[in-house]
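S.K.: Based on what follows, work out the 3D shape:
(chains A and B)
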Number of protein chains: 2
Amino acid sequence: MNGHAVESVSHLTQTGIEASKKMAESSSSMHDLDASQLTVTLTQNPREVPGLNSAEVWSVKACTDHMVTVKWTDDYGWHAPKIVPYGPLEIMPTASCLHYATQCFEGMKVYRGYDGKLRLFRPDKNCSRLVSSATRVALPPFNPLELEKLLKALMRLDGPRWLPKTQPENFLYLRPAMIGNGEQLGVVSPSEVLLFIIAVPWPDLSTGWSPSATAKPPGLKLLASKNDIRAWPGGFGYAKVGANYGPAFVAQMEGRKQGYDQILWLFGPDFQVTEAGASNFFVVWKTKEGKLQLVTAPLEGKIILDGVTRRSVLELARERFIESSEYLTADIKSLDVVERTYTMDELVEAEKKGRLIEAFVSGTAYFITPVKTVNFRDEDLNIPMACEDTGHYAGVLKQWLLDIKYGKVDHEWGVVVEEE
Amino acid sequence: MNGHAVESVSHLTQTGIEASKKMAESSSSMHDLDASQLTVTLTQNPREVPGLNSAEVWSVKACTDHMVTVKWTDDYGWHAPKIVPYGPLEIMPTASCLHYATQCFEGMKVYRGYDGKLRLFRPDKNCSRLVSSATRVALPPFNPLELEKLLKALMRLDGPRWLPKTQPENFLYLRPAMIGNGEQLGVVSPSEVLLFIIAVPWPDLSTGWSPSATAKPPGLKLLASKNDIRAWPGGFGYAKVGANYGPAFVAQMEGRKQGYDQILWLFGPDFQVTEAGASNFFVVWKTKEGKLQLVTAPLEGKIILDGVTRRSVLELARERFIESSEYLTADIKSLDVVERTYTMDELVEAEKKGRLIEAFVSGTAYFITPVKTVNFRDEDLNIPMACEDTGHYAGVLKQWLLDIKYGKVDHEWGVVVEEE
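M.R.: Numbering: from 1, shown residues only, chains lettered A, B, ... in the order given. As a prediction, the model looks like this:
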């Protein structure tokens, strides 16, 4: 694996640890997040586990039996974490999160492997990113390693019943979230905060199947944004904060009305390609000079999300799509992996000149899904989909990641949750 | 009064009414907001009314006895509004408002007049703006006239005890808000929404007094934003949505640490002056050509909030700061009222050349408050404050608005709430 990338991961975790240490040191009475203080109250009314990929799962309402909650107050820091039965939160109408979008979250999954084991995928990355997102909206930092312990504790409890060992190759969606809470309406950073973790049976969006469109052909249709801009330098596009989502729903709904699955967000007078809906966006093309490239928008400028899947795609591609790699085939050739600003004009030209090989989105919800259409200025750009209705590269990358997530191969990114 | 401005107000209300009509017409089973359906459940435990400007008021936690709640669902539209005892909301951990910032609000006040009457100030403007904000974050529209009726109903109930007739010249802060609710975690516009209205005793921020700084000299100190951008074209800076607030708290906290009251938000490579914290920003200066001007950033580009106080200042200034006006004095001369893009360089030059007369912020929370300092590039720009520690123009505008709000003069902007 790419040594630089590994260093950068632990650097991010280190940044989170240091931010929370700094907070703790600011006053001796401030407590850091501490998973060893966890208390558990078991549910007396276990909920019904919905059928795999059932309509109930597609409704995205059915949570597992328990949730983690942790309170933070500005005079104590992080209180003892609790696991309690899943249920409604009591929130005052004056709570900061309801008015000022003092909120951030993570999206990750827990996988039941072929070997019967439960695995998280690179949980350190999500836990560190939550610290980074939290501090962007004036919420307190915490030691990300402790959050990882809490995720595992919740899964040790609910995993066995909600992801039975007899049904490998299934997953739950995990949603750690932080919200500004308390009773104070003033336009200031909240003096009380709630961190919670819920687990949700989630549809597999990467297959293209849904109850309302059983025969939907694979491949996403994207509509390039017209008037709305998702993020701006000096803003918060890089952070997984609520403020990036609600304002994007209008364009998304308009796109769906027109028959598109997601918005492809552009930026600037030259229509730079940034990211797609709630996913990062990748292109495989040949340059004018005939060089094969895997291209995606850069993190510099901080307008796109630093996706865990995005990072994993880049790292695997840099490691395996190289000359004399054992992974090369007739269809999979070595290529350059490039993070740089590129524009819709470049994409259109590559398509017109037959240099466009494939495109795909990457993310926790959509995983790796090929893109077949991008509508730009009222014209549909047709993107090749290669073998079996996916791209060659997208297909291989998806399989590599699945093998890690479901434990077909042993890899440090697949972190086992020990069950009793 | 300026005819064009009045037309534009009713145009905005009309836009809101039409948006909600369109929604209602989309399906015969969809219901619009209807204040005549209001039901009232009185509290059995009246809350204690805190002392005027007391520490409890400064904590901004004490709400009045009741609140309005109205549910919207995508299969019915707006359900019957309720007045219920003030208390916590039950919100599912999966609710859209906690994750995706599907939320917007209004800030307005209700005033107990010198004549013992309760008044709202231009409530039609706030109600229409809430429709405009809601639709920017994929929340449903409603007839804004019905919201105004609900505001009056709440005040008819809680006004007499919380703003006693024996204590004129006091006010409550009113907070109508809308949040995406329900149980669905999917990244889509919410299928259930809650509209609520609460009323909060609020400190008078325009006096400069606070429990922690009793002898604080008047005049705000602003810190010009450095790295963070509040809003951008194609974004949502014009809307009163939560997404504009949380991400601004970090700069605001940093400013307070450095001794400044609010951030002055700049935009673009030429450092355009946009708005201040949660207020609009006005400057009175002489141009190079010697013309006296009242200047504020324009609404075009949609990056600043269309403030009700801002609009009122512009309308009164255009009506009264004109030649041969009865309002002119030795200190108050006729001037041009200008909405245009202007930069920090222009502000700095005006100050250096002695052309800067005064500056002030306008808004519901800070009302009209003079600004005495703007820090830009680590240098404090000193702004003249004229008579009695306020600006001449700021002082006059503030008094005109107070006279309307507290009923010293009869004006169509002061809308009386009939009490029993």
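S.K.: From here on, just use CA atoms for contacts and neighbour counts.
M.R.: OK.
S.K.: what's near enough to touch the nearest residue to residue A:224 once chain neighbours are set aside?
M.R.: Spatially, and ignoring its direct neighbours in sequence, residue A:224 is nearest to residue A:264 (4.4 Å; C-alpha to C-alpha, 6 or more residues apart in numbering or on different chains). Contact analysis of residue A:264 by C-alpha atoms under 8 Å, 6 or more residues apart in numbering or on different chains lists A:222, A:223, A:224, A:225, A:273, A:274, A:275, A:276, A:277, A:374.
S.K.: Any idea which of those the model trusts least?
M.R.: Among these, residue A:277 carries the lowest pLDDT, at 85.
S.K.: Which residues are in contact with that one?
M.R.: A:252, A:262, A:263, A:264, A:265.
S.K.: contacts for stretch A:141-151?
M.R.: Applying C-alpha under 8 Å, 6+ apart, the external contacts of stretch A:141-151 come out as A:13, A:16-21, A:23, A:32-35, A:68, A:123-124, A:127-128, A:131-132, A:134-135, A:197.
S.K.: Now, those that are in helices?
M.R.: A:13, A:16-21, A:23, A:123-124, A:127-128, A:131-132, A:134-135 (DSSP state H).
S.K.: Need the per-residue pLDDT for the residue nearest to residue A:224.
M.R.: Listed pLDDT for residue A:264 reads 98.
S.K.: So it lies in a strand, does it not?
M.R.: Yes. Using DSSP: H, G, I helix; E, B strand; the rest coil, the assignment for residue A:264 is a strand.
S.K.: Show me the beta-bridge partners of it.
M.R.: Under the criterion DSSP bridges, residue A:264 forms beta bridges with residue A:224, residue A:276.
S.K.: how far away is it from residue A:48?
M.R.: Residue A:264 is 37 Å from residue A:48, where distance means C-alpha to C-alpha, to the nearest Å.
S.K.: repeat for residue A:112
M.R.: 19 Å.
S.K.: More neighbours: these two, which one.
M.R.: The residue with more neighbours, out of residue A:112 and residue A:48, is residue A:112; 27 against 12, by other C-alpha atoms under 10 Å in any protein chain shown.
S.K.: coming back round to it: going by distance to chain B, which of the contacts of residue A:277 wins?
M.R.: residue A:252 (8.1 Å; C-alpha to the nearest C-alpha).
S.K.: tell me which element the closest one falls in.
M.R.: Assigned by DSSP states H and E, residue A:252 belongs to helix A:249-257.
S.K.: what about that helix, near chain B?
M.R.: Yes. Applying C-alpha under 8 Å from any C-alpha of the partner chain, one finds helix A:249-257 in contact with chain B at A:249, A:250, A:253.
S.K.: neighbour-wise, which of these leads?
M.R.: When neighbours are taken as other C-alpha under 10 Å, the top entry among these is residue A:249 (24 neighbours).
S.K.: What is the burial count for residue A:341?
M.R.: Using other C-alpha under 10 Å, residue A:341 has 14 other residues around it.
S.K.: and what of residue A:62?
M.R.: By other C-alpha under 10 Å, the residues close to residue A:62 number 21.
S.K.: secondary structure class for it?
M.R.: Residue A:62 falls in the coil class when you classify it by three-state DSSP.
S.K.: quick revisit: select only the buried ones of the contacts of residue A:264 in ChimeraX?
M.R.: In ChimeraX, this line selects whichever of these come out buried by 16 or more other C-alpha atoms under 10 Å in any protein chain shown:
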select /A:222,223,224,225,273,274,275,276,277,374
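S.K.: thinking again about what came up before, from the contacts of stretch A:141-151, list the buried ones, please.
M.R.: The neighbour count (16+ other C-alpha under 10 Å) marks A:13, A:16-17, A:19-21, A:23, A:32-35, A:68, A:123-124, A:127-128, A:131-132, A:134-135, A:197 as buried among the contacts of stretch A:141-151.
S.K.: check those residues against chain B, which are close?
M.R.: Within these, those near chain B by C-alpha under 8 Å from any C-alpha are residue A:135.
S.K.: how close does residue A:144 get to residue B:371?
M.R.: 42 Å.
S.K.: hmm, I was thinking of residue A:45
M.R.: 59 Å.
S.K.: same question, residue A:232
M.R.: Noted for residue A:232: a distance of 29 Å to residue B:371, by C-alpha to C-alpha.
S.K.: Which one of the two is surrounded by more residues?
M.R.: Taking other C-alpha under 10 Å, residue A:232 and residue B:371 do not tie; residue B:371 has more neighbours (27 against 23).
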